[in-house]
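1. Just a sequence and a predicted model for now, questions to come.
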Amino acid sequence: MAKGSRSRLRRGYRFLRQEPRSWLLALVVLLGLVAAPRVAVGGIIGFVTAVFADPLRRWVYRPELKLEFDEDVPGCKLRTPERSKPTDTQSMEREAYYVRVKVANAAASLARGCRAYLVNVERRDHAGEFQPTDYCDTIPLPWSYRGEQAYRPVDLPNGVVQFVDLLSTRSDAEEFQPAIRPFPYAYRGLFREHGQFRFTVQVSGENVAPTRIRITFDWLGGWNDFSVQRDEEA
């Protein structure tokens, strides 16, 4: 070793003997240099976990809405007697059909605040293609059998089935009636027409992705003279 190097080492040794705290300081600095990458990585992992753990958990265990329609599924095409609104203190019994969409939550977590909407109405033209109509709104649809609460949001636990009313026909009427509320007077003429319509229904909630289904309704003008099916192209 060169003479100059030995001299510098002796001076450093004497300094450390005179200043014992410098040993501790040197050790702390050395350990910090060695541990810094591990601490940094651990800190980043801890930060990411703290920020994203709950959103990730909600995403993994998120609810999943399933919409279904089939004439053979009980409740989707429902025939029922009902009473008309009173006229001159009398009401009359009539027959009605309700076309309804079956809604279920396929996941274990609760689907909160679910609402249903009619988001599109199309009509088939002479060439067999569905074309837009004058309908340009997003109007709520009701949950079946919920009375005054029919248009309010509902929570859907796993395994619980609810139905959404899409439209109805009645034996004392010559038109079909979509279940939207409020019902805009501007659309009355549209739903008096005969032909094949395609309705798009969307159900969404606070913590669940929106889900859509399309229903084809072939209206021939009679309360019991129609066909309805799910549009499998949706």
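-> Perfect, I can see it now.

2. drop to CA atoms for contacts and neighbour counts, all remaining ones
-> Noted.

3. Which parts of this protein are strands?
-> 65-68, 77-83, 93-105, 111-124, 130-132, 139-141, 154-156, 161-170, 177-178, 195-204, 211-222, 225-230 (DSSP state E).

4. Please produce JSON lines containing those, extended by mean neighbour count.
-> Shown next, in JSON lines, are those (neighbours: other Cα atoms under 10 Å):
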{"stretch": "strand 65-68", "mean neighbour count": "19"}
{"stretch": "strand 77-83", "mean neighbour count": "14"}
{"stretch": "strand 93-105", "mean neighbour count": "20"}
{"stretch": "strand 111-124", "mean neighbour count": "21"}
{"stretch": "strand 130-132", "mean neighbour count": "14"}
{"stretch": "strand 139-141", "mean neighbour count": "22"}
{"stretch": "strand 154-156", "mean neighbour count": "18"}
{"stretch": "strand 161-170", "mean neighbour count": "21"}
{"stretch": "strand 177-178", "mean neighbour count": "18"}
{"stretch": "strand 195-204", "mean neighbour count": "20"}
{"stretch": "strand 211-222", "mean neighbour count": "19"}
{"stretch": "strand 225-230", "mean neighbour count": "15"}
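
5. Throw those into JSON lines and include mean pLDDT and distance to residue 148, thanks.
-> Formatted as JSON lines, those follow (pLDDT from 0 to 100; distance: least, Cα to Cα, whole Å):
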{"stretch": "strand 65-68", "mean pLDDT": "96", "distance to residue 148": "23"}
{"stretch": "strand 77-83", "mean pLDDT": "91", "distance to residue 148": "18"}
{"stretch": "strand 93-105", "mean pLDDT": "95", "distance to residue 148": "18"}
{"stretch": "strand 111-124", "mean pLDDT": "97", "distance to residue 148": "15"}
{"stretch": "strand 130-132", "mean pLDDT": "96", "distance to residue 148": "32"}
{"stretch": "strand 139-141", "mean pLDDT": "97", "distance to residue 148": "13"}
{"stretch": "strand 154-156", "mean pLDDT": "97", "distance to residue 148": "13"}
{"stretch": "strand 161-170", "mean pLDDT": "96", "distance to residue 148": "14"}
{"stretch": "strand 177-178", "mean pLDDT": "94", "distance to residue 148": "17"}
{"stretch": "strand 195-204", "mean pLDDT": "97", "distance to residue 148": "19"}
{"stretch": "strand 211-222", "mean pLDDT": "95", "distance to residue 148": "25"}
{"stretch": "strand 225-230", "mean pLDDT": "94", "distance to residue 148": "28"}
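
6. Can I get the ones you listed in TSV including distance to residue 147?
-> Output for those, formatted as TSV (distance: least, Cα to Cα, whole Å):
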stretch	distance to residue 147
strand 65-68	22
strand 77-83	15
strand 93-105	15
strand 111-124	15
strand 130-132	32
strand 139-141	13
strand 154-156	13
strand 161-170	12
strand 177-178	17
strand 195-204	19
strand 211-222	24
strand 225-230	25
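
7. Which one of those strands lies nearest to residue 189?
-> Among the strands of the chain, the nearest to residue 189 by Cα to Cα is strand 177-178 (11.2 Å).

8. Give me the sheet partners of that closest one and which way each runs.
-> Strand 177-178 has its sheet partners listed here by DSSP bridges as strand 161-170 (antiparallel).

9. Find the nearest non-adjacent residue to residue 203, please.
-> Counting by Cα to Cα, 6 or more residues apart in numbering, residue 203 lies nearest to residue 116, which is 4.4 Å off, once chain neighbours are set aside.

10. Then residue 165?
-> In space, and not counting its chain neighbours, residue 165 is closest to residue 100: 4.5 Å by Cα to Cα, 6+ apart.

11. Appreciated, that's everything.
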